[in-house]
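In: this is a predicted model, with the sequence first.
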Amino acid sequence: MMDHLMNKTLLLARFVVATGLVLAAGAGCAKPAASVDKLIVSNPTLAALDAQLNVTYKQALQGAPAANILRAEQRKWLVEVRNKCQDTQCLVARYTARNAQLAAKGTTPGRACAIKEGELLSHWQRVKGGDFEEFALTREADTRSFASWLHQRPEMMGTWSLENCVLTIANPDNPKLSFEYKVTGFANQVLQLQDADGGARMSYRQSRR
């Protein structure tokens, strides 16, 4: 009986030790990212580079032919490149290089936007897809106004802008409610758009009613 109890105690002890090792290994996996985040938050240079990375990454997504691939690439960079750093000098070098890579992805030399801001000043009716059935873009001085209709009834009022060939529509009453579309083409009075994250495509026909 005593031997049986001792065997059970020994097995329990081994289980506790093994469990502790597994937990310790799990904590060790999370440690690199946490320590890197602390370095970034506490260092103004790194914080500025991180903010710049957010901007260049967003711009690269807008110009990426396959946004999902770029997202996966960025996640891999975070885990396998950035989080391997153990000091500020390493992080500065890694962030600088990554910002340069993303900046290059976000620009297409020699390729102009398919439409100019003045050409957007019109009434547009849905041809295929899209979040709005019809909408109008107007400009008065520095104010750019957006209005949409659903079944010929007012739907949403807001503002708009065109930057880096991305049409942004915002609702001032709800800052979280905004739309970003990459202009992919404009011909024969038909405007071709795509969700800025590389998602749905849509088209609208110009109407000067």
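Out: In hand now; what should we look at?
In: could I get the contacting residues of the nearest residue to residue 49 once chain neighbours are set aside?
Out: Spatial nearest neighbour of residue 49, excluding adjacent residues (CB to CB, 6 or more residues apart in numbering): residue 95 at 3.9 Å. No exception for glycine: its C-beta is placed from N, CA and C like everyone else's. Residue 95 makes contact with 46, 49-50, 52-53, 82, according to CB atoms under 8 Å, 6 or more residues apart in numbering.
In: and the helices in the chain?
Out: In the chain, the helices defined using DSSP state H lie at 2-42, 44-63, 67-80, 88-105.
In: and the first one, what's its mean pLDDT?
Out: So the one you mean is helix 2-42. Over the span of helix 2-42, the pLDDT mean works out to 51.
In: any idea how far residue 95 is from the residue nearest the centre of the chain?
Out: Central residue check for the chain by CA atoms, centre = their mean: the C-alpha nearest the mean position is that of residue 58, 4.9 Å away. Residue 58 sits 16 Å away from residue 95, going by CB to CB, to the nearest Å.
In: do residue 147 as well
Out: Per CB to CB, residue 147 is found 42 Å from residue 95.
In: try residue 85
Out: Residue 85 sits 9 Å away from residue 95, going by CB to CB.
In: need the overlap of contacts for those two.
Out: Applying CB under 8 Å, 6+ apart, one finds that no residue jointly contacts residue 85 and residue 95.
In: now do the domain split for this structure, please.
Out: According to automatic domain parsing, the chain comprises the domains 2-105, 117-207.
In: tell me the most buried of those domains?
Out: Mean neighbours per residue, mean count of other CB atoms under 10 Å, is largest over these for domain 117-207, with a mean of 15.
In: that one: end-to-end distance?
Out: By CA to CA, to the nearest Å, the extent of domain 117-207 from end to end equals 16 Å.
In: worst average pLDDT in the domains of the chain?
Out: Of all the domains of the chain, the minimum mean pLDDT falls on domain 2-105 (a mean of 72).
In: surely residue 81 meets residue 90?
Out: No - shown here, residue 81 and residue 90 do not form a contact pair, counting by CB atoms under 8 Å, at 9.8 Å.
In: next one: residue 50 from residue 80, what distance?
Out: 17 Å.
In: you'd agree residue 172 is up against residue 156?
Out: No - contact criterion CB under 8 Å: residue 172 and residue 156 do not qualify, at 10.6 Å.
In: contact partners of stretch 196-206?
Out: Contact partners of stretch 196-206, identified using CB under 8 Å, 6+ apart, comprise 61-62, 64-68, 122-131, 135, 166, 180-182, 184, 189-195.
In: in strands, which of those residues fall?
Out: Counting by DSSP state E, the part of the contacts of stretch 196-206 found in strands is 123-128, 135, 166, 180-182, 184, 190-195.
In: could I get the contacting residues of the closest residue to residue 52 other than its chain neighbours?
Out: Excluding the flanking residues, the one nearest residue 52 by CB to CB, 6+ apart is residue 99, at 5.6 Å. Shown in contact with residue 99 (CB under 8 Å, 6+ apart): 49, 52-53, 56.
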